[in-house]
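*Asks:* Predicted coordinates and the sequence they were generated for:
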Amino acid sequence: MPSVRDRNESAWLLPNDGSRTNHGLRRDMRRFADNDEIDMVIVGCGAGGSVMAQRLARAGWRVAALDAGPFWDPDTDWVSDEAGSHGLYWTEPRVIAGSDPVPMGSNNSGRGVGGSMIHYAGYTPRFHPSDFATYTNDGVGADWPLDYEDLRPYYTALEQELPVAGEHWPWGDPHGYPYRPHPVGGNGEIFLRGADKLGITAKVGPVAIANGRFGNRPHCIYRGFCLQGCKVNAKASPLVTHIPDALARGAEIRANAMVTQVVTDQHTGRALGVLYLRDGREHFQRARMVAVAGYSIETPRLLLNSASSRFPDGLCNDFDQVGRYLMVQGAPQTAGRFDAEVRMYKSPPPEVSSEAFYETDPARDYKRGFAIQTVSPLPITWAEHVAAQGHWGAALREYMSDYVHWSCLGSLCEFLALPDNRVTLAEEKDAHGLPVAQFSYSQCDNDRALAKAAQSVMEDILHAAGADEVITIQRYAHLVGGARMAADERHGVVDANCRSFAVPNLYITDGSALPTQGSANPALTIMAVAARAADHLTGTG
Amino acid sequence: MTARATGRFPGFDVLSQAQHWDQVTTDLITARTGPQPAPRFFTDGEQAAAAALLNQLTGQCDEPLGVPVMEMVDARLAAGETDGWHYADMPEDGQAWRETLGYLDQDAHDRCGSGFAGAAGHDQAAIIQAVQDAKEWHGMPGPRVWSLWTRYACTAVYSHPDAWSEMGFPGPAYPRGYKNAGVGKLEPFEVQDARPAEDPVGDDG
């Protein structure tokens, strides 16, 4: 494989003078006219859309990627502050329902160029080979129309492009990482100590923060505000890993452009382009192909809002698959109290993880499993953890004054893909008069058993490390699914190459295409699926 | 009881380190410590009830931290800076705040013949506790009302540097970062807890 720089020059296109944005590259960006029929218009500049834009631009395609949010400048737009980072999240109206509704906003919804990877922790594990055949192996979830081997070269390539730091990884398909693991802080130290006492294998990484300088991206300064956007350019997000190279190769990134509809020809059934709102006006970008990458809520919403006489129930929804099988990882978070000071805020929240409980254990009464990782909540998110115990008033304030003594672990539980966990259109309309998404979510028995088991392992680890008390909050983490890939149109929306079954020139290249979620943070897999789809499109796969 | 939260980090003052922060962050944080704009979202009656509720929830009644929680919540609601989502069985956040503040006044009138803000501290606390314990409250799901109130209250109070000083958290860390991470390790500007064995879980806290 050619060197990283020969494949993706992003890190070398950023400034090396202490500022974080190459303003010249943005100023001189190629710009397409709305009536110019470009090769591909991409909806959303997150993990999936940005990789697609970079790969297609490299292959000489004329491509524009539209994003509803801003084109961030870390120097002026981001702060070392939780409350002040509200603008990083998708906070347009949404309705949540079901017996176990999933709160949106800061936890799982990104906004602007870079998408949710602007505020993700930075964990980039691969999926395990078993994730691609959970139905065959365990009778739960679904089988993918591709397998791990199909994604492996893309995992390897992207781990070099981000790049990822970590110890040799013994789980799933064992593999190494291009950068050595980061030093651990107090929270990582506690996790490693407790796991060691119990004989549970835990490893440092995998974290998409180079351990050392990478191109013109500086070394991490361990400031602890990874979830508020990296002001250092050390943590990987498409804004620094793929967008600069895409721009240099002639892609247009059109920020503050909210796509409202994919328009199709009623006779041929082909996509013609997208309607979008920008500067208070409606525009129509013509394109030979369309790739939707708006993530698991907005992608299904856009398809449903793109109904027409040919697709009366929503675009690509002839078989009632759009919006279904939307998954969210169960993410109970357990904290332990130590007399020593842990000060968990003094390192990146992603430090140490264990996938020792990832696979189905025949001795247990549940299928599939969970991962455990350090999480290091800052004061506002820590207050949520404390308040969840029922404390308020003086008791809440006293607990909060004890912050430096707490260590915190989080788990990612593989909650199963279920047909009724889905996005539909609500009666409620947004500021543009478009129906908002209603996301209905309910857990099944297997989900509850997993969350219980994960909590119990985290409590054991913290006790083994010396905690005298432990407290837990029930939470959710990442979203995937909602327009999944499948073997045929009766079971999903797109094929293994992310091409929709219903519209031959429409692709879905984001997390919504994933049929299962494993217990892994999804960013790397979303990028890998998009990179593979791009290779298929450019004929280089 | 609040006294147990104060004085654990003697001499530690987050704002004394502000010269080490980037300008964008400094401007944002220092604005929180100055005079706040007059409320624009809550009506006069709602302001009084909201201030009383938020001070109760964040433990500021006996020994105020001086965090203008009501003004900070009002500013968010006035600017529409909500999280966007709402439960299908709850109104959107702004409307939910108005309705629940009205119900608090109603409960206070029933209990002690005054508005919520005019009720004695122990009456306010009892009314609030009843909401936390309720499955349903004035036709709304109790836990979701509780979640709404505590989310906004905690986001406001724990974005304030005086609250950070009380918990030993240094706040912004760019461009300086941290050099001494690890259990029991301190930066030169951090202050050790003077009462490290005071575990809030292990006693009646």
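*Replies:* Sure thing, it's come through. Residues are numbered from 1 along each chain as shown, chains lettered A, B, ... in the order given.

*Asks:* List the residues that contact residue 125.
*Replies:* In the absence of a named chain, this looks at chain A. A:169, A:206, A:353, A:355, A:371, A:520-521, A:524 (CB atoms under 8 Å, 6 or more residues apart in numbering or on different chains). (Glycine included, C-beta is placed from N, CA and C.)

*Asks:* Chain B is the one I meant
*Replies:* Contacts of B:Ala125 (CB under 8 Å, 6+ apart): A:393, B:56.

*Asks:* can you rerun that using 10 Å?
*Replies:* B:Ala125 makes contacts with A:392-393, B:56, B:61, B:119, as judged by CB atoms under 10 Å, 6 or more residues apart in numbering or on different chains.

*Asks:* Strands - which of the contacts of A:Pro125 land there?
*Replies:* With DSSP state E as the criterion, strands contain A:353, A:371 from among the contacts of A:Pro125.

*Asks:* Kindly reformat the contacts of A:Pro125 as CSV containing distance to chain B.
*Replies:* Converted to CSV, the contacts of A:Pro125 look like this (distance: CB to the nearest CB, whole Å):
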residue, distance to chain B
A:Trp169, 23
A:Pro206, 19
A:Ser353, 17
A:Glu355, 24
A:Ala371, 23
A:Ala520, 25
A:Asn521, 22
A:Leu524, 25
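
*Asks:* Looking at the contacts of A:Pro125, which is nearest A:Met52?
*Replies:* Distance to A:Met52 across these (CB to CB) is lowest for A:Leu524, with 15.2 Å.

*Asks:* tell me the secondary structure for the residue in chain B that chain A sits nearest to?
*Replies:* Chain B approaches chain A most closely through B:Gly177 (2.8 Å), counting by CB to the nearest CB. At B:Gly177 the chain is in coil, as set by DSSP: H, G, I helix; E, B strand; the rest coil.

*Asks:* And the pLDDT for it?
*Replies:* The pLDDT attached to B:Gly177 in the predicted structure is 95.

*Asks:* Just to check, it is in contact with A:Tyr345?
*Replies:* No - at 11.7 Å, B:Gly177 does not count as touching A:Tyr345 under the criterion of CB atoms under 10 Å.

*Asks:* Compare those two (neighbour count), which wins?
*Replies:* For B:Gly177 versus A:Tyr345, neighbours defined as other CB atoms under 10 Å in any protein chain shown are more numerous around A:Tyr345 (26 against 20).

*Asks:* what about B:Ala38, how many neighbours?
*Replies:* 8.

*Asks:* Let me see the mean pLDDT of whichever helix or strand A:Val259 is part of.
*Replies:* Assigned by DSSP states H and E, A:Val259 belongs to strand A:258-264. Mean pLDDT, strand A:258-264: 98.

*Asks:* close to chain B, is it?
*Replies:* No - Strand A:258-264 is not in contact with chain B by CB under 10 Å from any CB of the partner chain; minimum separation 14.2 Å.

*Asks:* What of stretch A:412-423?
*Replies:* No - Stretch A:412-423 does not reach chain B (CB under 10 Å from any CB); its nearest approach is 12.5 Å.

*Asks:* For that stretch, measure first residue to last.
*Replies:* Start-to-end span of stretch A:412-423 (CA to CA, to the nearest Å) is 22 Å.

*Asks:* that older thread, now the buried members of the contacts of A:Pro125.
*Replies:* Buried positions within the contacts of A:Pro125, assessed by neighbour count (16 or more other CB atoms under 10 Å in any protein chain shown), are A:169, A:206, A:353, A:355, A:371, A:520-521, A:524.

*Asks:* mind listing which of those are in helices?
*Replies:* The helices, defined by DSSP state H, take in A:Leu524 from the buried ones among the contacts of A:Pro125.

*Asks:* pLDDT for the buried ones among the contacts of A:Pro125 - can I get that in JSON lines?
*Replies:* Formatted as JSON lines, the buried ones among the contacts of A:Pro125 follow (pLDDT from 0 to 100):
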{"residue": "A:Trp169", "pLDDT": "98"}
{"residue": "A:Pro206", "pLDDT": "98"}
{"residue": "A:Ser353", "pLDDT": "98"}
{"residue": "A:Glu355", "pLDDT": "98"}
{"residue": "A:Ala371", "pLDDT": "98"}
{"residue": "A:Ala520", "pLDDT": "98"}
{"residue": "A:Asn521", "pLDDT": "98"}
{"residue": "A:Leu524", "pLDDT": "98"}
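
*Asks:* hmm, back to that, out of the contacts of A:Pro125, which comes closest to A:Gly492?
*Replies:* Using CB to CB, the contacts of A:Pro125 come closest to A:Gly492 at A:Ala520, 20.5 Å.

*Asks:* Show me what from the stretch 101-250 of chain A comes close to chain B.
*Replies:* Counting by CB under 10 Å from any CB, the stretch 101-250 of chain A sits next to chain B at A:101-107, A:109, A:182-190, A:193, A:219-225, A:228, A:230-232, A:234.

*Asks:* okay, the closest residue in space to B:Asp89 that isn't next to it in sequence: pLDDT?
*Replies:* Once flanking residues are discounted, B:Asp89 sits nearest to B:Pro141: 6.0 Å by CB to CB, 6 or more residues apart in numbering or on different chains. Per-residue pLDDT puts B:Pro141 at 98.

*Asks:* got the buried residues for stretch A:297-309?
*Replies:* Under the neighbour-count criterion of 16+ other CB under 10 Å, stretch A:297-309 has A:297-306 buried.

*Asks:* Could you do stretch B:170-183 as well?
*Replies:* B:170-174, B:176-178, B:181-183.

*Asks:* quick one, longest helix in the chain?
*Replies:* No chain in the question, so chain A it is. helix A:445-464.

*Asks:* nope, chain B
*Replies:* Max-length helix for chain B by DSSP H is helix B:93-112.

*Asks:* which helices and strands does that helix pack with?
*Replies:* If you count contacts as 3 or more CB pairs under 10 Å, 6 or more residues apart in numbering or on different chains; DSSP states H and E, helix B:93-112 packs onto helix B:44-57, helix B:69-78, strand B:85-87, helix B:121-133, strand B:136-137, strand B:140-141, helix B:142-157.

*Asks:* Quick one: name whatever helix or strand follows the longest helix of chain A.
*Replies:* Taking DSSP H and E, what comes next after helix A:445-464 is strand A:469-473.
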